[in-house]
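S.K.: model this:
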Amino acid sequence: MSTKVSDHVLSRLREWGVEHVFGYPGDGINGLLAAWGRAEDQPMFVQSRHEEMSAFEAVGYAKFGGRLGVCAATSGPGAIHLLNGLYDAKLDHVPVLAIVGQTHRTAMGGSYQQEVDLHTLFKDVASDFVETVTVPEQLPNVLDRAIRTAYARRCPTALIIPGDVQELDYSPPTHEFKMVPSSLDRSSWTAVPSDESLRRAAEILNSGDKVAILIGQGASGAVEEVRNVAETLGAGVAKALLGKDVLSDELPYVTGSIGLLGTRPSYELMRDCDTLLTIGSSFPYTQFMPEFGKARGVQIDIDPHMVGMRYPYEVNLVGDARETLRRLIPMLRGEERGREWFDTVCDNVARWHEVMERRAGLSADPINPEYVARALDPLLPDDAMVSSDSGSAANWYARHLTMRPGMRSSLSGTLATMGCGVPYAIGAKFAHPDRPAIALVGDGAMQMNGMAELITAAKYADRWQDPRLVVAVFNNHDLNQVTWEMRAMEGAPSFLPSQELPDVQYAAFARSLGLTGVRVEKPEDVEAGWRAGLEADGPAVVEFLTDPAVPPIPPHSTWEQMEATAASILKGDADRGSMVRQGLKAKVQEFLPGRAKK
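M.R.: The predicted structure follows:
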């Protein structure tokens, strides 16, 4: 039997080390599906419930696995459905390849069924590389370039293959004019800044008395180097959410997350520092960084297109974080520094941990969502992979979960799209089938697509050596993050027609699929619920009935801001009384001198 173009696509993917492709079938990729049958499902075709979930799973696979994620879909509607997940990859700088079908070449331009201008459709999301294969000889070059580009630029790329091209006999490019041969090798490389720019950066950092470090996911390969710099300079370290798992939260000078979902000590670190070192982060919210003119700044980033933004840095070091810091560390001086700033940072961190423990211990109706996250923290396995969906659950993820060495975590950091939590966890399980995964998901995201993707988890559970995949649903019958944003930013009460969610029995739905389902209705049952999920012999849903009136208070909020928000809500918010009570109880924990009772 002759080798078809579709056969060669799968063969080439295998040569690149691709082991999984997340997809959904359709007649636009019938040729590829037939090739999968001939290839005995190598690489493995992972069937999701929806193409958007295929893309999210590929993103989760890439984020937690540290390698290329691949997704596949049919032409027209299937290709369109991939977009949200691919934009998530684009904005969070994740290598993902999308392979999609297209109508036959003979029908293109004829307004044929399911014909969409896919090249135009993908031109923004896959702007670094998108190409349509029209002849077999073109295939190896465009496929190889798509993969190399995805890796090199940490971005999504797209390959469009018309249905009739998939069925053609494969013939490689020849040694002729206007043929483009290709090769597989992708040797590693490292970018480093010049010695002169390193010396300038060291001068700035050495001259500072109150140094703050901000790290993102770009610092993930430089853990020991970041620790060395922080301890040499007596600096505190704040983390953008995509960098939450980079440095252990057990270190006394790690102030935690930054921004609206961040911590008070991170806010104070940025407010009071006189020097800022940003490593591998493009955290966009300038208002949470030092005031302009108050602090000198140095940035390290591997992407020259991402430096010089967000803050008026004096030196922008373009290079790999680890290699750049290794060259910078010998130039840093720490022996003459006082300890006052460092001790202040550590004291602020310790106090914040007490505040968060007290907040988690506050009573609520029926369960305080902060307590749900706090109760999970000591139960997290050392090799846990944690995904958070977008929404109020991300607040509790950001503030209450202690990342320890070896743990991994992620969320949709830049697009902040709903619906990624469960498919991220599934993608993570395929990347590391021997590790447990936990997804923290609000009821809005769960209704959006998490429930359907539980079917995918059930379908593939027997493929994972460690069977644990725990989906925690914060069930409060409210699109809670937007509700609070309306209150705090618009001064408007909750608009129930848009915010109120139907009550769904998530644990019961899980049980209907043969999964473990636990519904927790009382605070005293929270820890037992977590243990039941973590001890299950397969995927589990633990549904917590949480109080929507517990506020995700920003780290910089003042009593005056709290009073203004409360005044606007009292105009007519349906949950105004309990919201004000919970908000005041939570805020007052910051001012108590010691531990408080409920």
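
S.K.: please count neighbours and contacts with C-alpha atoms only from this point.
M.R.: Fine.

S.K.: how close does the most centrally placed residue in the chain sit to Met451?
M.R.: Geometric centre of the chain, nearest residue: Leu411, 2.5 Å, by C-alpha atoms, centre = their mean. With distances defined as C-alpha to C-alpha, to the nearest Å, the gap from Leu411 to Met451 amounts to 18 Å.

S.K.: and if you look at Ala158?
M.R.: Using C-alpha to C-alpha, one gets 28 Å for the distance from Ala158 to Met451.

S.K.: so the two - more neighbours on which side?
M.R.: Neighbours were counted for Ala158 and for Met451 using other C-alpha atoms under 10 Å; Ala158 has more, 31 against 17.

S.K.: can I get the CA coordinates of the host helix or strand of that one in CSV?
M.R.: Element membership for Ala158 (DSSP states H and E) is strand 156-162. Coordinates of each C-alpha in strand 156-162 appear next as CSV, following Å, rounded to 0.1, in the frame of the first residue of the first chain:
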residue,chain,number,x,y,z
PRO,A,156,0.5,28.4,18.5
THR,A,157,1.0,27.5,14.9
ALA,A,158,-1.5,26.0,12.4
LEU,A,159,-1.4,23.6,9.5
ILE,A,160,-4.3,23.4,7.1
ILE,A,161,-4.6,20.3,4.9
PRO,A,162,-7.5,20.0,2.4
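
S.K.: show me what stretch 302-320 is in contact with.
M.R.: Stretch 302-320 has contacts (C-alpha atoms under 8 Å, 6 or more residues apart in numbering) with 190-193, 197-198, 200-201, 218, 280, 282-286, 289, 292, 296-301, 321, 324.

S.K.: end to end on that stretch, go ahead and measure it.
M.R.: Distances were taken as C-alpha to C-alpha; on that basis the terminal residues of stretch 302-320 are 5 Å apart.

S.K.: buried residues, that stretch. List them.
M.R.: Within stretch 302-320, the residues that qualify as buried are 302-303, 307-308, 311, 313, 315-320, counting by 16 or more other C-alpha atoms under 10 Å.

S.K.: so which of those residues belong to helices?
M.R.: The helices in this structure, assigned by DSSP state H, contain none of those.

S.K.: save the residues you listed as TSV, and put in distance to Gly163 and pLDDT too.
M.R.: TSV is the format used below for these (distance: C-alpha to C-alpha, whole Å; pLDDT from 0 to 100):
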residue	distance to Gly163	pLDDT
Ile302	39	95
Asp303	37	93
Val307	42	91
Gly308	45	89
Tyr311	48	93
Tyr313	51	96
Val315	51	98
Asn316	47	97
Leu317	46	98
Val318	43	97
Gly319	42	97
Asp320	41	97
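
S.K.: can you map out the strands along the stretch 51-200 of the chain?
M.R.: 69-73, 96-102, 130-132, 156-162 (DSSP state E, counting those that start in this stretch).

S.K.: quick check: end-to-end length of stretch 298-316?
M.R.: Using C-alpha to C-alpha, the end-to-end distance of stretch 298-316 comes to 6 Å.

S.K.: quick thing: my sequence starts at 23, can you match it?
M.R.: Right, with 23 as the first residue, what we last looked at is stretch 320-338.

S.K.: so where's the longest helix in the chain?
M.R.: Across the chain, the longest stretch assigned as helix under DSSP H is helix 362-382.

S.K.: tell me which residues in that helix are buried?
M.R.: 363-365, 367-368, 370-371, 373-382.

S.K.: ok, stretch 23-36 next?
M.R.: Residues of stretch 23-36 classed as buried: 26-35 (neighbour count, 16+ other C-alpha under 10 Å).

S.K.: from the residues you listed, which single one is nearest Phe67?
M.R.: Minimum separation from Phe67 among those (C-alpha to C-alpha) is found for Leu32, which lies at 10.7 Å.

S.K.: would you check how far apart the closest one and Ser205 are?
M.R.: If you measure Leu32 against Ser205 using C-alpha to C-alpha, the figure is 16 Å.

S.K.: could you do Pro445 as well?
M.R.: With C-alpha to C-alpha as the criterion, Pro445 and Ser205 are 33 Å apart.

S.K.: more neighbours: which of those two?
M.R.: Taking neighbours as other C-alpha under 10 Å, Pro445 and Ser205 compare with Pro445 leading, 30 against 9.

S.K.: any figure for the gap between Phe517 and Ile169?
M.R.: As for Phe517, its distance to Ile169 is 46 Å (criterion: C-alpha to C-alpha).

S.K.: who's more crowded, the two?
M.R.: Neighbours per residue (other C-alpha under 10 Å) separate Phe517 from Ile169, with Ile169 holding more: 27 against 14.

S.K.: can you pull the pLDDT of that one?
M.R.: At Ile169 the predicted local confidence, pLDDT, stands at 97.

S.K.: and the one 5 residues further on, by the same measure?
M.R.: As summarised for this prediction, Ala174 has a pLDDT of 94.

S.K.: burial of it, as a residue count?
M.R.: A total of 13 residues lie near Ala174 under the criterion other C-alpha under 10 Å.

S.K.: check Gly360 too.
M.R.: The number of residues packed near Gly360 is 13, by other C-alpha under 10 Å.

S.K.: for Leu54, same thing?
M.R.: Other residues near Leu54 number 28, with proximity taken as other C-alpha under 10 Å.

S.K.: quick check, it in a helix?
M.R.: Yes - under DSSP: H, G, I helix; E, B strand; the rest coil, Leu54 sits within a helix.

S.K.: check contacts around it.
M.R.: By C-alpha under 8 Å, 6+ apart, the contact list for Leu54 reads 28-29, 188.
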